[in-house]
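Student: Structure for this input, please:
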Amino acid sequence: MELECYPMSPRPPEIVPGRPSRDWMDAFAARHPYRCLPLSMANTTGWELLCPMGFTAEWNGGPSQADITLTPDRPHPDFAGFVQSHFSRGVVTMHPHYLFRTPPGWAVVASGAPNHVKDGIQALTGLIETDWLPFPFTMNWIFTRPGRVKFAKGEPFCFITIVEHKRMEQFQPVMKTLDANPAMKGQFDAWNRERTSFNNRLASGDPDAAREAWQRFYFKGEYADETTPPPADHVNKRRMKSLRLF
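Tutor: Reported below is the predicted structural model:
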C-alpha cells in the first residue's frame, strides 16, 4: 500500500515518521511517561510535517485577519506561502504543500502531533477524503486566548495518519457485562489482583516492588494469569516508513 505525496511547491515541508520523544515526557524523573505504551504508540503512529522555518504568531483577541501577526525568525522566501491568517478569529493556517492520495476507502486524518503540547494554541483536526480529492488541504491552529506563541524550525506543525474511515460506520457499540465473557473476566480479575497487590507492596515500602517500579503486562504483551498464551500480534514499538522518492 502507498500513501502518495505530491509536492505542490518547489520546497515542500519535510515529512518524517512520527518521533516518540516529547520534551514534557523527558522532564519527568526516570522519563516515567514513556512507561505508558499508549502514549508512545500514539506519538509514532503517523508522519510529522515539519516547520521549514521558525516563526512567531501573535493574536490580540480581535475578530479580523489583521488581528493576527506572523513574524519569521529571519527573512525566508517561503514564509508568506507557508503560514497565513486566513480564517480570522484567532485561527492560524499553515500549508502542508502536498496533495496526498490514499487507496480507495482510506482517508488522511490531519492533526497536531499526538501529545505535543503547546500553551496558548490548539491544533484543529480534520479528516480528508484523500482517495479522491484532487487538491491539497490546510492545517489550522486556533489560539485559546490572546497571546504569542512560537513555532520552531523543525517542529511538527501537522501530523497525518490514515484510517479506513468508511468501514468505521459498520461498527456497532454494544454494552455488555464482563460476566458475559468469562475468559476476559478471568484475565481481568487476575490483573486486578496483581495490580492491587503490587500497589499495596509499593505503598508499604516493599524493596522488591520499589526495584520493579512498575508492572509491564501491557508493555510486554502478557496476561497476568500466566496461563493464557500472549497475543501474537502485540506491538510496543511503531516503525513507520520514511518518505521514498519515486
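
Student: In this structure, which residue is most central in space?
Tutor: Residue closest to the average C-alpha location in the chain (Cα atoms, centre = their mean): P114, at 2.3 Å.

Student: residue contacts, that one?
Tutor: G18, L39, A42, N43, T45, G46, F159 (Cβ atoms under 8 Å, 6 or more residues apart in numbering). (C-beta placed from N, C-alpha, C; glycine too.)

Student: do you know how far it is from M41?
Tutor: P114 sits 9 Å away from M41, taking Cβ to Cβ, to the nearest Å as the criterion.

Student: quick one: which of the contacts of P114 sit in helices?
Tutor: Using DSSP state H, the members of those that fall within helices are L39, A42, N43.

Student: Compare these and tell me which has the most neighbours.
Tutor: Ranked by neighbour count (other Cβ atoms under 10 Å), these have N43 at the top, with 22 neighbours.

Student: what's near enough to touch that residue?
Tutor: Counting by Cβ under 8 Å, 6+ apart, N43 touches G18, R19, P20, S21, R22, A113, P114, N115.

Student: let's see 10 Å
Tutor: Contact analysis of N43 by Cβ atoms under 10 Å, 6 or more residues apart in numbering lists 18-22, 25, 34, 113-116, 159, 238.

Student: Which helix or which strand is home to the residue lying closest to S40 once chain neighbours are set aside?
Tutor: Distances taken as Cβ to Cβ, 6 or more residues apart in numbering place P20 nearest to S40, at 5.3 Å, with adjacent residues excluded. Assigned by DSSP states H and E, P20 belongs to neither a helix nor a strand.

Student: How many residues are close by P20?
Tutor: Other residues close to P20 by other Cβ under 10 Å number 16.

Student: The one 10 residues further on now?
Tutor: Residues contacting A30 under the criterion other Cβ under 10 Å number 9.
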